[in-house]
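Undergrad: Any chance you could fold what I've pasted below:
(one chain, ligands or ions: 1)
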Amino acid sequence: MANTKEKPVDDVNREVKEAEKAEEVEEQRDVIEKEEEEEEEKDKSFEELRLDPRLIRALTKKGIEKPTPIQQTAIPFILEGKDVVAKAKTGSGKTLAYLLPLLQKLFSDSGSKKKKPAPSAFVLVPSRELCQQVYAEVSSLIELCRVQIKAVQLTSGMPLSDMRNALAGLPEILVTTPACIPKCFADGVLDPAAISDSLEILVLDEADLLLSYGYEDNLRSVTSIVPRRCQCLLMSATTSSDVEKLKKLILHNPVVLTLQEGGDKEEPVPSNVQQFWISCSAQDKLLHILSLLKLEVVQKKILIFINTIDMGFKLKLFLEKFGIKTAILNGELPQNSRLHILEQFNAGLFDYLIATDDNSQTKAKEEAKDEDNKDNNKKKRRFKPKLDAEFGVVRGIDFKKVHTVINYDMPQSVTGYIHRIGRTGRAYSSGSSVSLVSPDDMEGFEEIKSFLAGEEDKDSDVITPFPLLTENAVESLRYRAEDVAKSVTKIAVRESRAQDLRNEIINSEKLKSHFEANPRDLDLLKHDKLLSKTAPAPHLKDIPEYLVDPKTQEASKMVKLARAAMGNSRRSGGGRNNANKKRSRKGVDPLKTFSANGSKRGRSGGVGQKKNGKGSSDGLTKKQRTA
Ligand SMILES: Nc1ncnc2c1ncn2[C@@H]1O[C@H](COP(=O)(O)OP(=O)(O)OP(=O)(O)O)[C@@H](O)[C@H]1O
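TA: Prediction:
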């Protein structure tokens, strides 16, 4: 029998009161915690981050009003002088997250009259293209802030005299690739001892790529002279063993910032990018890409990825027979041409860009192809590609207003996919991607899908079948596509490639001198000009309406309407002209949607239309601070 000994009434009352009080305290604590949480979740302004007013004014002039989550989180730690590892998805604003505090720190040093013998800040990036981009960003900030700070960029291909000239003004900031530094040491352009004395901040941008570009030895020669007091920052879009390796190699007790949206699930592709796929045979890829572009069921501007340079030319020749003008970007082109092509594309001077992503991939593919050719045709003289080892289009490059990324060839790795897709949906824009997947691509594609879906959510469809292209629509173009594909022979491809390279080498020289005199002139050369000598036949250029089924016509109308609604007409491309335009879709802020949770994604809506990236309730949500 239970012990039912009764308590005196007074005791009971006291206990009840105490319990009530405890509950009240608990409630109050909850409120405080909640308020604290809300406070933490609340957007911080640049002022609240204690950014220098000159930098804030410069940002305002650039049309940048409030910090992105990675900026909100990283800037205070960097200003505090901490080593930081920041991992945030593509297009989330990592460049400014380190450039702003870096500049602010140099502002305070710039008062002292004496210049240091070597730069105080090094920014290491994996490609020349990125070098140019970061250099342009930091230079424009310096110019807008009107401070006496000098930044220079050095890449391996530069003549020694140019390097010497660049460093002669004793710059505070050096933007370069890891490969360039040992070269500078060997040529006596940079002095390791002077760097050890001067270096205060070292940034490894796109850290996940630095080692994959084969820069390990180069990086070691840098790290050996980095002084213990130097603050090191490591920025990355994906996590990999390479990033861990770098972290151990260079950083001391870093603050690790991993920003992701609600839940613990990490999703590296921005949630404002809708991902689609089309299943087709390898031979039918030409037919499918023709259907996508000719029937206008995907939004422009469009970035098309292929894995070999020859394939790029094949695609260009094929599409131009149908009156679709494209430009080509690859590591074989001279650097000036590449930069100019990027600039023109960003300025909206053409709508279609066919690109190989980087040379580690292209080279492997080209070499494999070379081997095949050797076996087949030993005596034939082949056009040997000379690829720029520091070329990298995909990784880190800030393409402006790309609405659609098409994987004509599938990337070789999950990371490759993430970086490709990350060229759309940047900053405040939305975008979509379409991958053409043949049976041979299927294994890699499944790997990508399961990586994106994550462990717990294996069956969720992160990449969905492309809904706007009916079989009838594709079939209506088959006869023409197959006919034209036959005319794009290997010889035609080879000749076009050699001709294009010759043209670009001549252009490159012209570009160099022209840009020295007119740095803002973009219209000197057209990079999307036709390669074939004959103009496209009228019956191929204009597809008669009766050939297109009503569903596809409807889809195409939808895409055009969406495009018009978004004010995305031709020549409205990003670039500096638009920098100050008011953002029209302020309500939704995809920059805040780090690591979107798959289950929270909107799956419907027209291709290329903005998704409701709400799931995250827009917040900077998770930060891990580990020592
Ligand atoms: N606070 C901001 N507000 C609006 N736009 C911003 C802001 N910060 C950066 N941007 C813009 O967002 C775009 C993407 O930024 P950035 O290139 O730094 O991204 P990222 O995170 O480095 O991407 P990736 O990993 O692909 O290199 C740029 O055009 C940049 O000007």
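Undergrad: Stretch 452-463 spans what distance, first to last residue?
TA: From its first residue to its last, stretch 452-463 covers 9 Å (Cα to Cα, to the nearest Å).
Undergrad: So which bits of the protein are right by the ligand?
TA: Selection of the chain residues close to the ligand by Cβ under 6 Å from any ligand atom yields 64, 67-68, 71, 90-96, 237, 396, 398, 422, 426-427. Backbone N, C-alpha and C define where each C-beta goes, glycine included.
Undergrad: In helices, which of those appear?
TA: By the criterion of DSSP state H, membership of the residues of the chain next to the ligand in helices covers 71, 94-96.
Undergrad: can you redo those as a markdown table with pLDDT and neighbour count?
TA: What follows is those, written out as a markdown table (pLDDT from 0 to 100; neighbours: other Cβ atoms under 10 Å):
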| residue | pLDDT | neighbour count |
| --- | --- | --- |
| Q71 | 94 | 29 |
| K94 | 92 | 24 |
| T95 | 95 | 22 |
| L96 | 96 | 24 |
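Undergrad: which two from those end up farthest apart in space?
TA: Put simply, by Cβ to Cβ the two of those set farthest apart are Q71 and T95, 9.7 Å from each other.
Undergrad: got the end-to-end distance for stretch 233-253?
TA: Termini of stretch 233-253 sit 11 Å apart (Cα to Cα).
Undergrad: Correction: the previous question concerned stretch 223-241.
TA: Counting by Cα to Cα, the length from the leading to the trailing residue of stretch 223-241 is 18 Å.
Undergrad: Name the residues that touch the helix or strand encompassing L167?
TA: Under the criterion of DSSP states H and E, L167 resides in helix 160-168. Outside helix 160-168, the residues that touch it by Cβ atoms under 8 Å, 6 or more residues apart in numbering are 152-154, 158, 174, 184, 187, 189-190.
Undergrad: I figured C184 hits L190, correct?
TA: Yes. If you go by Cβ atoms under 8 Å, C184 and L190 touch, sitting 3.9 Å apart.
Undergrad: quick one: low-confidence parts of the stretch 401-550 of the chain?
TA: Scanning the stretch 401-550 of the chain for pLDDT under 70 picks out the ranges 427-428, 455-460, 506-533, 546-547.
Undergrad: What strands line up against the helix or strand I328 falls within, and which way round?
TA: Secondary structure assignment for I328, by DSSP H and E: strand 327-329. In the sheet, strand 327-329 lines up against strand 352-356 (parallel) (DSSP bridges).
Undergrad: quick one: average pLDDT of the partner strand?
TA: When pLDDT is averaged over strand 352-356, the result is 92.
Undergrad: still on that earlier bit, show me the contact partners of the strand holding I328.
TA: 312-313, 316, 338, 341-342, 344-345, 350, 352-356, 393, 500, 527-528.
Undergrad: returning to what we had before: whichever of the contacts of helix 160-168 end up buried, select them in ChimeraX.
TA: Buried residues within the contacts of helix 160-168, as defined by 16 or more other Cβ atoms under 10 Å, are selected in ChimeraX through the command that follows:
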select :152,153,154,158,174,184,189,190
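Undergrad: Report the lowest-confidence entry in the contacts of helix 160-168.
TA: When those are sorted by pLDDT, the bottom entry is M158 at 83.
Undergrad: show me the contacts for it.
TA: A166.
Undergrad: I201 now?
TA: I201 makes contact with 102, 105, 120-122, 230-233, according to Cβ under 8 Å, 6+ apart.
Undergrad: Assess the claim that N472 and P550 are in contact.
TA: No. N472 sits out of contact with P550 when judged by Cβ under 8 Å, with a separation of 9.4 Å.
Undergrad: So the two - more neighbours on which side?
TA: Set side by side, N472 and P550 show unequal neighbour counts under other Cβ atoms under 10 Å, the larger going to N472 at 13 against 10.
Undergrad: Surely that one is within a helix?
TA: Yes. Counting by DSSP: H, G, I helix; E, B strand; the rest coil, N472 falls inside a helix.
Undergrad: low-scoring stretches of this protein, by residue?
TA: Judged by pLDDT under 70, the stretches of the chain that qualify are 1-42, 110-113, 212-214, 260-268, 358-396, 427-428, 455-460, 506-533, 546-547, 563-627.
Undergrad: Can you give me the domain boundaries for it?
TA: Using the TED database, the domain ranges for the chain come out as 46-258, 273-362+388-566.
Undergrad: How many residues are close by M442?
TA: Taking other Cβ under 10 Å as the criterion, the count of residues near M442 is 12.
Undergrad: who touches I397 in this structure?
TA: Remark: with contacts taken as Cβ under 8 Å, 6+ apart, I397 is in contact with 127, 129-130, 133, 342, 423.
Undergrad: Grab the two from those that are most spread out in space.
TA: Maximum pairwise distance among those (Cβ to Cβ): 13.6 Å, between S127 and R423.
Undergrad: any idea how far D357 is from A186?
TA: Look at D357 and A186: by Cβ to Cβ, to the nearest Å, they are 30 Å apart.
Undergrad: These two: which is more packed in?
TA: Using other Cβ under 10 Å as the criterion, D357 and A186 rank with D357 on top: 26 against 10.
Undergrad: I'd say the more buried one and L303 touch.
TA: No. Contact criterion Cβ under 8 Å: D357 and L303 do not qualify, at 10.3 Å.
Undergrad: about what we covered before: turn the contacts of I201 into TSV, including secondary structure and neighbour count.
TA: Rendered in TSV, the data for the contacts of I201 read as follows (DSSP: H, G, I helix; E, B strand; the rest coil; neighbours: other Cβ atoms under 10 Å):
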residue	secondary structure	neighbour count
L102	helix	25
K105	helix	19
S120	coil	22
A121	strand	28
F122	strand	25
C230	coil	21
Q231	strand	22
C232	strand	23
L233	strand	28
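Undergrad: Need the residues you listed in a markdown table (columns: distance to K247).
TA: Written out in a markdown table, the entries for the contacts of I201 read as follows (distance: Cβ to Cβ, whole Å):
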| residue | distance to K247 |
| --- | --- |
| L102 | 19 |
| K105 | 21 |
| S120 | 22 |
| A121 | 19 |
| F122 | 17 |
| C230 | 15 |
| Q231 | 14 |
| C232 | 9 |
| L233 | 11 |
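Undergrad: dump the residue contacts of D441.
TA: When contacts are counted by Cβ under 8 Å, 6+ apart, D441 touches M410.
Undergrad: Could I get the full set of helices for the stretch 151-300 of the chain?
TA: Residue ranges of the helices in the stretch 151-300 of the chain, as given by DSSP state H, counting those that start in this stretch, are 160-168, 180-186, 192-198, 207-210, 216-223, 241-250, 285-294.
Undergrad: sorry, back to before: which of the ones in helices among the residues of the chain next to the ligand lies closest to Q412?
TA: K94 (23.8 Å).
Undergrad: Could you give the number of residues near the residue nearest to that closest one when sequence neighbours are not counted?
TA: In this structure, K94 finds its nearest non-sequential neighbour in M235, 4.6 Å apart by Cβ to Cβ, 6 or more residues apart in numbering. Applying other Cβ under 10 Å, we find 26 other residues in the vicinity of M235.
Undergrad: With R50 instead?
TA: 12.
Undergrad: Look up how far P76 lies from it.
TA: With distances taken as Cβ to Cβ, R50 is found 7 Å from P76.
Undergrad: Taking the contacts of helix 160-168 together, which two end up most distant?
TA: Across the contacts of helix 160-168, the longest distance by Cβ to Cβ is 16.5 Å; it joins Q153 and D187.
Undergrad: Narrow the contacts of strand 327-329 to those in helices?
TA: Judged by DSSP H, helices contain the following of the contacts of strand 327-329: 312-313, 316, 338, 341-342, 344-345, 500.
Undergrad: Can you tell me which of those residues is closest to the ligand?
TA: Checking those against the ligand by Cβ to the nearest ligand atom gives L342 as the nearest, at 13.0 Å.
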